[in-house]
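J.: whatever this is, show me its structure:
(one chain, ligands or ions: 1)
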Amino acid sequence: MTTPVIELREVGRRYDDGPPALHDVTLTVRPGEAVAILGPSGSGKSTLLNLIAGLDRPDAGTVTVDGVRVDRLGEAGSALYRRSKVGMVFQFFNLLDDLTVTDNVVLPARLAGMGRGQADRRARELLETLGIDRHARTYPGRLSGGERQRVAVARALMNRPPLLLADEPTGALDTAAGQDVGRLLADLNADGQTVVVVTHDLRLAESCTSRTVRIADGGITEDVRSHAVAPEALR
Ligand code: ADP
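T.: Numbers count the residues shown, from 1 in each chain. Now for the predicted structure:
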């Protein structure tokens with residue numbers, strides 16, 4: 001059996017004296033899966049995402065990503081982990097507006113120590129694959145929301161992370177741009193990228209994932225695999 005990309009065992013997280021934000025969460029995601037995490041506001045989705053991304057630590061249980069015990073990492077280990085193992089995409093893109101598209105995309109590789117020439121080549125390749133190479137020297141502020149999200153996806157993939165984590169990636173987009181991002185994630189998954197998407201957007205979940213995990217009150221209430229998504233069928 002291959003090493004899981006994500007393995008959470010009996011994970012719990014409580015903030016201060018409040019009720020547990022997560023309790024007894026056990027979840028395994030295997031390489032090549034595309035998983036949607038759904039749940040109402042306050043159900044624990046961001047808490048879960050932060051634990052997987054190494055931005056927070058559980059109070060109970062273990063978090064393992066691509067063989068790394070994320071819950072045990074110190075500050076330096078956690079920074080290295082985030083650079084090499086997870087690519088993150090956010091609702092509001094989180095691009096740096098005073099850097100060009102290319103400079104945004106190469107940033108994770110430069111931080112990881114890759115030389116400029118090699119990083120530029122990789123960025124060019126990614127921008128071509130994602131159909132935004134004509135914007136390589138543009139500043140993000142001049143792009144549409146959908147184009148900005150493509151740039152953010154390129155940046156997230158720069159260091160070839162085993163896991164792409166997307167947090168409400170269509171939350172700031174109109175319907176057409178949202179569908180475009182769904183197709184993009186489906187295509188990446190069809191090429192083997194493991195994808196986890198936290199979303200309220202059921203259409204997005206249907207268009208690019210084949211497994212749905214529902215969370216309510218800090219616990220998993222449902223975990224259903226559907227048909228494998230054939231990206232061509234969604235066009
Ligand atoms: P979701 O992402 O599904 O909206 P969250 O993970 O943000 O849910 O929140 C889960 C629960 O934890 C909520 O009750 C929320 O109020 C609480 N919570 C989240 N972050 C904090 C925090 N930093 N301090 C205290 N409570 C928090």
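J.: how about the contacts made by the closest residue to Arg69 other than its chain neighbours?
T.: Distance criterion Cβ to Cβ, 6 or more residues apart in numbering; nearest residue to Arg69, sequence neighbours excluded, is Thr62 at 6.5 Å. Yep, even glycine has a C-beta here, placed from its N, CA and C like the rest. With contacts defined as Cβ atoms under 8 Å, 6 or more residues apart in numbering, Thr62 is in contact with 7-11, 69, 71.
J.: for the residues you listed, which one is nearest Thr212?
T.: Compare each of these with Thr212 using Cβ to Cβ and the shortest gap goes to Leu8, at 16.5 Å.
J.: could you tell me which ranges of the chain sit under the pLDDT cut-off?
T.: 227-235 (pLDDT under 70).
J.: determine the longest helix present in it.
T.: helix 175-190 (DSSP state H).
J.: what does that one rub up against?
T.: With Cβ under 8 Å, 6+ apart, helix 175-190 has contacts from 32, 34, 130, 144-146, 149-150, 153, 157, 164, 166, 169-170, 173, 195, 197, 201, 203-204, 207-209, 229-231, 234-235.
J.: buried residues of it, list them for me.
T.: 177-190 (16 or more other Cβ atoms under 10 Å).
J.: mind putting those residues in JSON lines, distance to Asn50 included?
T.: Listed next are these as JSON lines, based on distance: Cβ to Cβ, whole Å:
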{"residue": "Ala177", "distance to Asn50": "26"}
{"residue": "Gly178", "distance to Asn50": "24"}
{"residue": "Gln179", "distance to Asn50": "28"}
{"residue": "Asp180", "distance to Asn50": "27"}
{"residue": "Val181", "distance to Asn50": "22"}
{"residue": "Gly182", "distance to Asn50": "24"}
{"residue": "Arg183", "distance to Asn50": "28"}
{"residue": "Leu184", "distance to Asn50": "24"}
{"residue": "Leu185", "distance to Asn50": "21"}
{"residue": "Ala186", "distance to Asn50": "25"}
{"residue": "Asp187", "distance to Asn50": "27"}
{"residue": "Leu188", "distance to Asn50": "23"}
{"residue": "Asn189", "distance to Asn50": "23"}
{"residue": "Ala190", "distance to Asn50": "28"}
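J.: what's the most distant pair in the residues you listed?
T.: Applying Cβ to Cβ across these, the maximum distance is between Ala177 and Ala190, 20.3 Å.
J.: just confirm the residue nearest to Arg69 is within a helix.
T.: No. Counting by DSSP: H, G, I helix; E, B strand; the rest coil, one finds Thr62 to be strand, located in no helix.
J.: show the contacting residues for the residue lying closest to Ile132 once chain neighbours are set aside.
T.: Among residues not flanking Ile132 along the chain, Arg150 sits closest, at 4.9 Å (Cβ to Cβ, 6+ apart). Arg150 sits next to 130-132, 181, 184 when contact means Cβ under 8 Å, 6+ apart.
J.: okay then, goodbye and thanks.
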